[in-house]
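[1] With the input below, show me the fold.
(one chain, ligands or ions: 2)
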Amino acid sequence: MISRSRRVSEKRDTARYHAIVDPIRNPYAPGAGQRPPALAGRDDQLQAFNVVLERVSRCKPERSIVLTGLRGVGKTVLLNALRSAAVRAHWGTGKLEARPGQRLRRPVSAALHVAVRELGHPQAQDVDQVLGVIKAFAQRESAPNARIRDRWNPGIDVPAVTGRADSGDIEIDLVELLTDVGGLAADVGRGVAIFIDEMQDLDPEDISALCAACHEISQSGLPLIVVGAGLPHPGGSERRQVLQRAAVQVLTHRQARPTCCRPGAAGARQGRGRGVPQGGP
Ligand SMILES: Nc1ncnc2c1ncn2[C@@H]1O[C@H](COP(=O)(O)OP(=O)(O)O)[C@@H](O)[C@H]1O
Ligand SMILES: [Mg+2]
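    Numbering: from 1, shown residues only. Ligands and ions are numbered 1, 2, ... in the order given. The predicted structure follows:
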């Protein structure tokens, strides 16, 4: 039970806080992935990503991107900002959050379904063909002879295609799937980006297959990239493979401090600036 004196002291602290910080205009957005009113210190990453978008849409080779850093450093927020940049460039985008013990087929097919819809390809027949491949990829999670009602349906109305992305080998299937989605994007002169948060929770077999598939796709010059975000856990060989092949960006809290608060910056204040959000980067 909270004592009366503690409640009084908490009320007094809140009143004092409201006198210093306007609770409505307070720039701190508490909570994981909450978009801050101003994305501090990430201009370099955003500019570099715009270059990647432009290059990939012109079918120039680019590596996939991995944002890494400790929890709370701003990976999810930056990942979402990169997705917004891709949407502004009229790309097809989809996002998934990896969960421990969950395999890749369902969330990837759901994300690609969204991305294909966002692309707005004018040929309905071509779109349906690719949607059929996405469905086949998703449904291969169950055994090939599973009854229809036992197969997961990713909400795609067209029938699943047979003989494409449904071999059961995740690496082969991912290459076929991403090739077809990338081809659809190439037709309209734009790209597709898949954003994966909490990458450290991906299954090792899935991460290795995803890495191989991305490598293959970038070699064939198809406009499709994967942008991941995850903790910098030391991991097995699969994780090392990802970090070797991707363009890795290490995020720190220091980069995300507003310029006015950096030591030596014009107008910098001593110590922790008053009114500067504490707890976030
Ligand atoms: N560049 C930034 N500028 C201001 N606030 C930020 C920035 N990046 C993250 N934040 C804030 O920090 C908190 C944690 O960000 P989040 O993206 O969830 O971190 P992570 O995904 O690395 O754990 C959120 O409240 C968010 O609003
Ligand atoms: Mg996060």
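[2] CA only for contacts and neighbour counts going forward, please
    Will do.
[3] Would you map the strands across the stretch 151-281 of the chain?
    Ranges of strands in the stretch 151-281 of the chain, per DSSP state E, counting those that start in this stretch, are 192-197, 224-230, 247-250.
[4] isn't residue 200 right up against residue 207?
    No - between residue 200 and residue 207 there is no contact, the gap being 9.1 Å when judged by C-alpha atoms under 8 Å.
[5] Hmm, residue 251 and residue 74 touching each other?
    Yes - using C-alpha under 8 Å, residue 74 is in contact with residue 251, at 7.5 Å.
[6] the more surrounded of the two?
    Applying other C-alpha atoms under 10 Å to residue 74 and residue 251 shows that residue 74 carries more neighbours, namely 27 against 18.
[7] Roughly how far does the more buried one sit from ligand 1?
    As for residue 74, its distance to ligand 1 is 3 Å (criterion: C-alpha to the nearest ligand atom, to the nearest Å).
[8] how far away is that residue from residue 85?
    The spacing between residue 74 and residue 85, counted by C-alpha to C-alpha, to the nearest Å, is 16 Å.
[9] Next: residue 224.
    15 Å.
[10] quick one, which of those two is more surrounded?
    Under the neighbour definition other C-alpha under 10 Å, residue 224 and residue 85 were set side by side, and residue 224 has more, 30 against 17.
[11] Just list the residues touching the residue lying closest to that one once chain neighbours are set aside, thanks.
    When the adjacent residues along the chain are set aside, residue 224 lies closest to residue 192, with 4.8 Å between them (C-alpha to C-alpha, 6 or more residues apart in numbering). Taking C-alpha atoms under 8 Å, 6 or more residues apart in numbering, we find residue 192 in contact with 91-93, 115, 119, 181-182, 185, 223-225.
[12] out of those residues, who has the most neighbours?
    Going through these with other C-alpha under 10 Å as the criterion, the one with the most neighbours is residue 223, at 32 neighbours.
[13] quick one: residue 130 from residue 41, how far?
    In this structure, residue 130 lies at 39 Å from residue 41, with C-alpha to C-alpha as the measure.
[14] When those two are compared, which one has more neighbours?
    Set side by side, residue 130 and residue 41 give different neighbour counts by other C-alpha under 10 Å, the larger being at residue 130 (26 against 16).
[15] Please, which helix or strand holds the more buried one?
    Using DSSP states H and E, residue 130 falls within helix 124-139.
[16] buried stuff in that helix?
    When burial is assessed from 16 or more other C-alpha atoms under 10 Å, helix 124-139 yields the following buried residues: 127-139.
[17] for this protein, what are the low-confidence residue spans?
    With pLDDT under 70 as the threshold, the chain has low-confidence stretches at 1-2, 17-19, 21, 26-30, 142-151, 234-244, 257-281.
[18] Try it again at 90.
    Low-confidence segments of the chain (pLDDT under 90): 1-41, 58-64, 140-155, 157, 211, 215, 218-219, 232-281.
[19] ok, which residues in the stretch 1-150 of the chain are in contact with ligand 1?
    In this structure, the stretch 1-150 of the chain approaches ligand 1 at residues 29-36, 38-42, 71-77, judged by C-alpha under 6 Å from any ligand atom.
[20] so which of the contacts of residue 192 comes closest to residue 20?
    Lowest distance from residue 20 to the contacts of residue 192 (C-alpha to C-alpha) belongs to residue 93, with 41.1 Å.
[21] residues in contact with the closest one?
    Residue 93 sits next to 83, 86-87, 111-112, 114-116, 118, 192-195 when contact means C-alpha under 8 Å, 6+ apart.
[22] Among these, which one is most surrounded by other residues?
    The most neighbours of any of the contacts of residue 93, using other C-alpha under 10 Å, belong to residue 192, which has 32 neighbours.
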